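**Q** Everything below, folded, please.
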Amino acid sequence: MACRPLMRPWTMLEHWLNTPHAAPWLLIMWVAGLLGSIGHCAGMCGPIVAAFGVSQARNGGRLWPRHVLFQAGRVLTYTVLGAAMGFVGGFARLQTIQDMHECCRPEGAALLASQAWPWQIWVKLGIGFLMLLLGLFMLLGRRADALMEFRLPKAFSSLLGKGLRSGGGPVFLGMLWGLIPCGLVYMMLLKTLDYGSWRMGAAGMAAFGFGNMPLLLGLGLASTKLSQAWKHRLLRLGGLLVAAMGVYILRQALMLLRLQGL
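**A** Model (predicted):
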């Protein structure tokens, strides 16, 4: 009885998400955001955080509330994108159910039992392979931003640059920041397709965004105090987690392919 009050928030969350055992997956998304950001965010987003801090310092006052709002804008963008991808995944799942019912495909029963559909299996294979590749890259001590580097469109980078220089609204700038092309974010967004629920997609990407937040909030302070050896250890730890997630997802996909007799 003493443990019931502690369990109630998780139960309420899983009830709202309409997904049993959602809490472990959300925890995994949070940890993936925390450790995956060590090799990637420090290189790609560090200059953005630094530029924002300089621009806000000119306005005077306390900086930490504006940094929190800046991060909140980024997480809000991730949450909206996750909800959109989860909604698309849910629509695609319903459409596939209809197609299987109309065509009376024999593998429909096996797929219904496993709660996965053909498009999800191929998405799982792709995500698993990419996450395994990224994890191995990080385990070798390479920075993930070297593997996932994208060029921003000129108009977008100009808008973000002007906002950072002028010290614009933290939430709006954070939302723009969340739209910056990022391979790690793309992989997590593809994973939300698999959820087939806008609520689960939003919650998963929010957990991932909050996982990034400690590193990015403390980047200016912590990155200067951590030794290079510890940075490499944390990078490899993040790589181990990402690679393990990739192997788990690949294993799921291969089991589902076997259910289809492929």
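**Q** tell me which residues in the one helix or strand Leu130 maps to are buried?
**A** Using DSSP states H and E, Leu130 maps to helix 118-139. Of the residues in helix 118-139, 118, 120-121, 123-125, 127-128, 130-132, 134-135, 137-139 count as buried by neighbour count, 16 or more other CB atoms under 10 Å. Where you see a C-beta, it was placed from the backbone N, CA and C, and this is true even at glycine.
**Q** And the helices in this protein, which stretches?
**A** 4-17, 22-44, 46-57, 64-103, 108-114, 118-139, 144-147, 154-166, 170-177, 183-195, 198-217, 219-225, 228-259 (DSSP state H).
**Q** And the contacts of stretch 67-74?
**A** Outside stretch 67-74, the residues that touch it by CB atoms under 8 Å, 6 or more residues apart in numbering are 49, 52-53, 56, 170-178, 209, 212-213, 216-217.
**Q** What residues sit buried inside it?
**A** Result for stretch 67-74 [16+ other CB under 10 Å]: buried residues 67, 69-74.
**Q** what residue ranges in the stretch 51-200 of the chain are flagged as low confidence?
**A** 51, 53-61, 91-120, 138, 141-168 (pLDDT under 70).
**Q** what about the closest residue to Leu132 other than its chain neighbours, neighbour count?
**A** Ranked by CB to CB, 6 or more residues apart in numbering and with sequence neighbours excluded, the top spatial neighbour of Leu132 is Gly246, at 3.3 Å. A count of neighbours around Gly246, defined by other CB atoms under 10 Å, yields 21.
**Q** Quick one: residues contacting Gly246.
**A** So Gly246 contacts 127-135 (CB under 8 Å, 6+ apart).
**Q** contacting residues for the closest residue to Ala83 other than its chain neighbours?
**A** Using CB to CB, 6+ apart and skipping the chain neighbours, the partner closest in space to Ala83 is Ala202 (3.8 Å). Residues near Ala202 by CB under 8 Å, 6+ apart: 79-80, 82-83, 86.
**Q** For those, which single residue is the most surrounded?
**A** Gly82 (30 neighbours).
**Q** mind checking how far that residue is from Gly169?
**A** 23 Å (CB to CB, to the nearest Å).
**Q** go on, Arg66?
**A** 9 Å.
**Q** ditto for Leu193
**A** From Leu193 to Gly169 the distance is 31 Å (CB to CB).
**Q** ok, now how distant is Val171 from Phe137?
**A** 33 Å.
**Q** hmm, back to that, can you redo the contacts of Gly246 as TSV, where the extra columns are distance to Gly33?
**A** Formatted as TSV, the contacts of Gly246 follow (distance: CB to CB, whole Å):
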residue	distance to Gly33
Ile127	15
Gly128	18
Phe129	20
Leu130	16
Met131	13
Leu132	18
Leu133	19
Leu134	14
Gly135	14
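**Q** on that earlier part again, just the buried subset of the contacts of stretch 67-74, please.
**A** 49, 52-53, 56, 170-171, 173-178, 209, 212-213, 216-217.
**Q** Next up, the contacts around His175.
**A** Not quite, residue 175 is Met, not His. 73-74, 76-77.
**Q** Can you lay out the residues you listed as CSV showing distance to Ala32?
**A** Formatted as CSV, the contacts of Met175 follow (distance: CB to CB, whole Å):
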residue, distance to Ala32
Gly73, 21
Arg74, 16
Leu76, 19
Thr77, 18
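**Q** Identify, from those residues, the entry nearest to Cys45.
**A** Arg74 (8.8 Å; CB to CB).
**Q** Can you tell me how far the closest one is from Leu189?
**A** In terms of CB to CB, Arg74 sits 14 Å off from Leu189.
**Q** same thing with Leu134?
**A** For Leu134 relative to Leu189 (CB to CB), the value is 14 Å.
**Q** what do you get for Arg62?
**A** Distance from Arg62 to Leu189, by CB to CB: 34 Å.
**Q** Contact partners for the residue lying closest to Gly86 once chain neighbours are set aside?
**A** Once flanking residues are discounted, Gly86 sits nearest to Gly201: 2.2 Å by CB to CB, 6+ apart. Listed by CB under 8 Å, 6+ apart, the contact set of Gly201 reads 82-87, 89, 192-193, 195.
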